[in-house]
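J.: Okay, sequence plus prediction incoming.
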Amino acid sequence: MSKCWNCGVQLLDPVSVCPLCKCIVEPTEGMECRQIYPYGFAERGIKKMQRALSIYLFAAIVAEAILIGINAAVGGKPGWVIIMAGLFAYGYVTLKVSIQMHIGYRLKMILQTLLGVAVLLLIDLETGFHGWSLDYVLPGSLILMDAAIVILMIANRRNWQSYIPLEILMIALAAGPFVLYYFGFSASLILPCVTMALAILVFAGTMIIGGQRARDELYRRFHV
């Protein structure tokens with residue numbers, strides 16, 4: 001028997017990866033099994049949430065259509081209508097991602113953060129594009145995600161090594177602001193440098209402090 005410390009479920013089958021969130025599971029010999037995958041009792045709740053999500057989508061489409069009609073009637077600029085469409089889309093995707101049980105909370109955190117950056121970028125574009133979304137919001141959000149990873153590792157000490165792939169992903173994402181600067185979309189390198197330095201520092205600290213356990217996890221995930 002093993003347990004996924006991410007989902008909190010215990011598995012009877014001899015698997016090394018959780019079938020729900022794809023995180024590494026650990027053996028829990030002698031522990032009483034309280035929740036067994038799959039959870040049949042959760043299906044009804046998921047269906048209700050999916051129905052509520054469909055209602056939200058329909059209401060958002062109707063609301064956006066009304067806003068388009070009002071904007072056409074008063075002869076206003078379409079910018080605010082586009083911003084509202086982005087906010088409706090953000091709400092829909094956020095709710096949809098939240099009810100997907102097979103998506104781990106790590107991936108949910110990244111998707112929702114990047115989607116929030118996309119919404120703020122849309123607002124920046126529709127208000128004349130002053131660049132604040134790319135100069136400050138994007139690198140700032142990556143810094144906050146790095147801080148969140150450290151906090152989650154401390155809170156989830158028994159399974160801290162499962163965050164190593166996320167740390168590597170953060171290093172890759174930290175290269176994004178440099179690419180934007182190279183192509184002229186961003187005007188500052190201060191925050192991108194801080195973002196990259198923090199991402200590398202978190203990963204290096206994990207590998208040094210984690211020792212052999214961290215190296216074993218790296219080999220297990222990437223065979224390096």
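T.: Sure thing, it's come through.
J.: Can you pull out the low-pLDDT segments for the protein?
T.: The chain contains residues with pLDDT under 70 at 1-2, 5-8, 11, 13-16, 21-46, 100-103.
J.: just the helices in it please.
T.: Counting by DSSP state H, one finds helices in the chain at the ranges 43-74, 79-98, 105-126, 132, 138-155, 164-174, 176-182, 190-222.
J.: can I get these in a markdown table with mean neighbour count and distance to residue 17?
T.: C-beta here means a position set from N, CA and C on the backbone, and glycine is covered the same way. Written out in a markdown table, the entries for those read as follows (neighbours: other C-beta atoms under 10 Å; distance: least, C-beta to C-beta, whole Å):
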| stretch | mean neighbour count | distance to residue 17 |
| --- | --- | --- |
| helix 43-74 | 12 | 22 |
| helix 79-98 | 16 | 21 |
| helix 105-126 | 17 | 14 |
| helix 132 | 14 | 41 |
| helix 138-155 | 18 | 19 |
| helix 164-174 | 19 | 12 |
| helix 176-182 | 16 | 28 |
| helix 190-222 | 15 | 10 |
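J.: Nearest to residue 9, out of the ones you listed?
T.: With distances scored as C-beta to C-beta, the stretch of the helices of the chain nearest to residue 9 is helix 105-126 (13.6 Å).
J.: From the chain's centroid, how far away is the closest one?
T.: The offset between the C-alpha centroid of helix 105-126 and the centroid of the whole chain comes to 9 Å, using C-alpha atoms, centre = their mean, to the nearest Å.
J.: So which of the helices of the chain is nearest residue 20?
T.: Between residue 20 and the helices of the chain, the shortest separation by C-beta to C-beta is 10.9 Å, and it involves helix 105-126.
J.: Touching the very next helix or strand once past that closest one from outside, list them.
T.: For helix 105-126, the succeeding helix or strand toward the C-terminus, using DSSP states H and E, is helix 132. Judged by C-beta atoms under 8 Å, 6 or more residues apart in numbering, the contacts made with helix 132 from elsewhere in the structure are residue 124.
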